[in-house]
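Undergrad: Using only what follows, build the 3D model:
(2 chains)
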There are 2 protein chains.
Amino acid sequence: MKIVHYTDVENLSFKEEGANKVRIRWLIGEKDNPPNFYLRMIEVEPGGHTPFHSHSKEHEVFILEGNGKIRDEKGKEYSLREGMVVYVPPREKHQFKNNGEGILKFLCIIPK
Amino acid sequence: MKIVHYTDVENLSFKEEGANKVRIRWLIGEKDNPPNFYLRMIEVEPGGHTPFHSHSKEHEVFILEGNGKIRDEKGKEYSLREGMVVYVPPREKHQFKNNGEGILKFLCIIPK
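TA: Numbers count the residues shown, from 1 in each chain, chains lettered A, B, ... in the order given. As a prediction, this is how the structure comes out:
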């Protein structure tokens, strides 16, 4: 069993192309060797965004703090706030943006 | 893509044997048909607890609110508070307890 506070996990710059002002903490990652999936915390600064991309597997997201938008594959945007859940199915293009004044903080779970 | 606020997801009684004062919301569940894993929100009332059990696959937990304890397979207890992350490996016995005064609320991700 591993028990840790998220603030004790390194907050890395998220370097994927198309990302701007994004940081990531691997709360449960490769070194924990979970059989099926990883738990990450993503922080997007005001004005920042994740890449507008898709991937072969699902992402599951829970908004912890802040205000932002998610853009879907048709370019339509939906508002996000604390307590909202996003299910992104495999191969569906999407992008998270922070159009608020504070940090947009969310959990993002991905398959291994 | 599915976008929902957690309060719009039904808060069901968690009926597994050994559970007491526990509720569950399937934020991303069977009806969403994700290929790999489900996202649930668990609420434990003061004095309540989840079963002391293990399962064949990992659980990943993020504490959203409240104070509680997790008991490990040797019976040792660890304090939990908002922002804490718990990785429970496959086949490791564990139990969540609410020894605080408010609701203990956490996200729990499990493989499909």
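
Undergrad: show me where chain A has strands.
TA: A:2-5, A:12-13, A:20-28, A:37-49, A:59-65, A:67-71, A:77-81, A:84-88, A:95-97, A:104-111 (DSSP state E).

Undergrad: For B:Ile24, which of those strands is the nearest?
TA: strand A:84-88 (14.1 Å; CB to CB). For the C-beta atoms, the positions are set from N, CA and C on the backbone; glycine is no exception.

Undergrad: Direction included, what does the closest one pair up with?
TA: Sheet pairing of strand A:84-88 (DSSP bridges) gives strand A:59-65 (antiparallel), strand B:2-5 (antiparallel).

Undergrad: and B:His49, which of those is closest to it?
TA: Comparing these by CB to CB, strand A:59-65 comes nearest, at 23.3 Å.

Undergrad: got the angle between that closest one and strand A:67-71?
TA: Between the axis of strand A:59-65 and that of strand A:67-71 there is an angle of 160 degrees, by axes from the mean of the first three to the mean of the last three CA atoms, to 10 degrees.

Undergrad: in strand A:59-65, what's buried?
TA: Residues of strand A:59-65 classed as buried by neighbour count (16 or more other CB atoms under 10 Å in any protein chain shown): A:His59, A:Glu60, A:Val61, A:Phe62, A:Ile63, A:Leu64.

Undergrad: which among these gets closest to B:Glu43?
TA: Set against B:Glu43, the nearest of those by CB to CB is A:Phe62 (14.5 Å).

Undergrad: From B:Asn67, how far off is the closest one?
TA: According to CB to CB, to the nearest Å, A:Phe62 and B:Asn67 sit 20 Å apart.

Undergrad: ok, now A:His94?
TA: 35 Å.

Undergrad: So which of these two has more stuff around it?
TA: Neighbour count, other CB atoms under 10 Å in any protein chain shown: between A:His94 and B:Asn67, A:His94 has more, with 20 against 16.

Undergrad: what's that one in contact with, if anything?
TA: By CB atoms under 8 Å, 6 or more residues apart in numbering or on different chains, the residues touching A:His94 are A:Phe52, A:His53, A:Ser54, A:His59, A:Ile70, A:Arg71, A:Asp72, A:Glu73, A:Val88, B:Met1.

Undergrad: would you turn those into JSON lines with pLDDT and distance to A:Leu107?
TA: Converted to JSON lines, the contacts of A:His94 look like this (pLDDT from 0 to 100; distance: CB to CB, whole Å):
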{"residue": "A:Phe52", "pLDDT": "96", "distance to A:Leu107": "20"}
{"residue": "A:His53", "pLDDT": "95", "distance to A:Leu107": "19"}
{"residue": "A:Ser54", "pLDDT": "94", "distance to A:Leu107": "20"}
{"residue": "A:His59", "pLDDT": "96", "distance to A:Leu107": "10"}
{"residue": "A:Ile70", "pLDDT": "98", "distance to A:Leu107": "14"}
{"residue": "A:Arg71", "pLDDT": "97", "distance to A:Leu107": "19"}
{"residue": "A:Asp72", "pLDDT": "96", "distance to A:Leu107": "20"}
{"residue": "A:Glu73", "pLDDT": "93", "distance to A:Leu107": "22"}
{"residue": "A:Val88", "pLDDT": "96", "distance to A:Leu107": "13"}
{"residue": "B:Met1", "pLDDT": "95", "distance to A:Leu107": "17"}
